[in-house]
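A.B. asks: kindly return the folded structure for what I paste below:
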Amino acid sequence: MSDILESDILEMEARCASLKERLGKQVAIVGHHYQKDSVIKFCDHVGDSLELIQQIPALDARYIVFCGVSFMGETAAMLARPDQKILLPAAVSSSRTVNMPTAAQLKQALAILREHGHTYLPLVYVNSSVELKALTGRMGGAMCTSSNLRRMLQWAYKKSAHVLFVPDRNLGRNTARQMGLKDEDMAILRICDEGIDTSVDQPLDRHLLLWPGYCRIHEAYTPSMLNEMRFQHPGCRIIVHSEASPEVVALADAAGPTSFLIHEAGETARAGKANVLVVGTELNLVDRLNRKHMNRCTVLPLLREESQYDTSAIVKPQELLACLEAIANGTARGVELTDKEREDAAPCVTRMLFACGAANPR
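C.D. replies: Numbers count the residues shown, from 1 in each chain. As a prediction, this is how the structure comes out:
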């Protein structure tokens, strides 16, 4: 957005505000915490993936503008009423997760595990395709988010002694350790283009198998970064996202999902736990927390690099404006799912909501 004048941005924001007021209650705008303030200011609801998904069934608006990546809009479309449209101002897929499997890879992996005598129940991360959620739904599995993985693992273990979590190896290991699973109870799969790499010996009989995916933002943190921060800011408190490596989580003062990091920043500032709070997560959120708490606590990022912005999730003011204009002139097109995609993938989502006490099971 560097090639757009500040005056143009202000004009676009003014037009967004005018259109939002004119459209009234027929439009609801929801946005992920990783959005910039220029878009957050227009959001009726702001939250992490779970919080936003849980909002959908209760929204009366005919048009729901989802300021986030495409997988979030697709998930929302599974829960929306037939008379509602889910709109994505910037319909792009997230590039945060590395080694996300295709549905074909996951299908092959589950088949090979069955050949070895083990029926694994899949849990698939919210940041995944409709096809991946559909396959998980057909296999009796469910979706999860970073904030409810522990609860979903507990749900899964009531149904199966073997669970395959896709794709985040760090989030899976950190959560499993919190639940009391030992390292020998879990293993990270070695994969190939087809799915599980059968050319190498690897354990396929663990209580928890983990797909070797990871978040490129949170994977970047190293133990030396935490040690350097403690050297530069004696007495600082360090919190990181639970998608960081177990080695980093072990050195942090606390770790958890996005909602936890936001709450912990507020508590640190309110209770005076530390004058400096170092947060390891996406930079737009860290900078917002610093602005919010700057009078009581300095909030610093664990790593300040361009790679720490979730650029795929960012909705620009001009994109939000174009979306609102399309609603106003009757040309808005919502996320489109086939009946088959909706039928297969929706249970994957509703099972999660039911396990979290927010929906009826399917």
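
A.B. asks: neighbours of Asp37, just the number please.
C.D. replies: 10 (other CB atoms under 10 Å). Using the backbone N, CA and C atoms, a C-beta is placed for each residue, glycine as well.

A.B. asks: quick one: the helices in the stretch 101-250 of the chain?
C.D. replies: Under the criterion DSSP state H, counting those that start in this stretch, the stretch 101-250 of the chain contains helices at 103-115, 130-138, 149-157, 169-178, 223-232, 246-251.

A.B. asks: quick one: contacts of the fourth one?
C.D. replies: So the one you mean is helix 169-178. With contacts defined as CB atoms under 8 Å, 6 or more residues apart in numbering, helix 169-178 is touched by 125, 146, 149-150, 153, 165, 183, 185-186, 188, 208, 210-215, 218-219, 242-246, 249, 255.

A.B. asks: low-confidence regions, the chain specifically.
C.D. replies: Along the chain, segments meeting pLDDT under 70 span 1-3, 91-95, 313, 358-362.

A.B. asks: who touches Glu267 in this structure?
C.D. replies: Lys273.

A.B. asks: name the residues of the helix or strand it falls within that are buried.
C.D. replies: If you go by DSSP states H and E, Glu267 is part of helix 258-271. For helix 258-271, a neighbour-count test (16 or more other CB atoms under 10 Å) marks 258-262, 264-265, 268-269 as buried.

A.B. asks: also stretch 163-179?
C.D. replies: Buried positions in stretch 163-179, judged by neighbour count with 16+ other CB under 10 Å: 163-177.

A.B. asks: ok, the closest residue to Phe66 other than its chain neighbours to Arg333 distance?
C.D. replies: Spatially, and ignoring its direct neighbours in sequence, Phe66 is nearest to Gly73 (4.4 Å; CB to CB, 6 or more residues apart in numbering). Per CB to CB, to the nearest Å, Gly73 is found 12 Å from Arg333.

A.B. asks: what sits in contact with each of those two?
C.D. replies: By CB under 8 Å, 6+ apart, the residues touching both Gly73 and Arg333 are Leu87.

A.B. asks: can you list the domains in this structure?
C.D. replies: Taking automatic domain parsing as the reference, the chain has its domains at 6-94+312-331, 97-216+344-355, 218-307.

A.B. asks: phi, psi of Asn127?
C.D. replies: Here is the backbone geometry of Asn127 (degrees, to the nearest 10): phi -80, psi 70.

A.B. asks: pretty sure it contacts Arg96?
C.D. replies: Yes: using CB atoms under 8 Å, Asn127 and Arg96 qualify as a contacting pair, with a distance of 6.9 Å.

A.B. asks: one step back: for Leu337, find the nearest of the domains of the chain.
C.D. replies: domain 6-94+312-331 (5.4 Å; CB to CB).

A.B. asks: Gly272 - how many residues pack around it?
C.D. replies: 10.

A.B. asks: same question, Val69
C.D. replies: Neighbours of Val69 (other CB under 10 Å): 25.

A.B. asks: sorry, back to before: could I get the domains of the chain as CSV with distance to Leu337?
C.D. replies: As requested, these are arranged in CSV below (distance: least, CB to CB, whole Å):
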stretch, distance to Leu337
domain 6-94+312-331, 5
domain 97-216+344-355, 7
domain 218-307, 26
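
A.B. asks: quick one on the thing from earlier: strand partners (parallel or antiparallel) of whatever helix or strand comes next after the helix holding Glu267?
C.D. replies: Going down the chain from helix 258-271, the next helix or strand is strand 276-280, by DSSP H and E. Using DSSP bridges, strand 276-280 pairs in its sheet with strand 237-241 (parallel), strand 298-301 (parallel).

A.B. asks: and Asp60, what element?
C.D. replies: Judged by DSSP H and E, Asp60 forms part of no helix or strand.

A.B. asks: next up, the contacts around the residue most central in space within the chain.
C.D. replies: Geometric centre of the chain, nearest residue: Ser49, 5.1 Å, by CA atoms, centre = their mean. Residues in contact with Ser49 (CB under 8 Å, 6+ apart) are 32, 68, 72, 126-127, 145-147.
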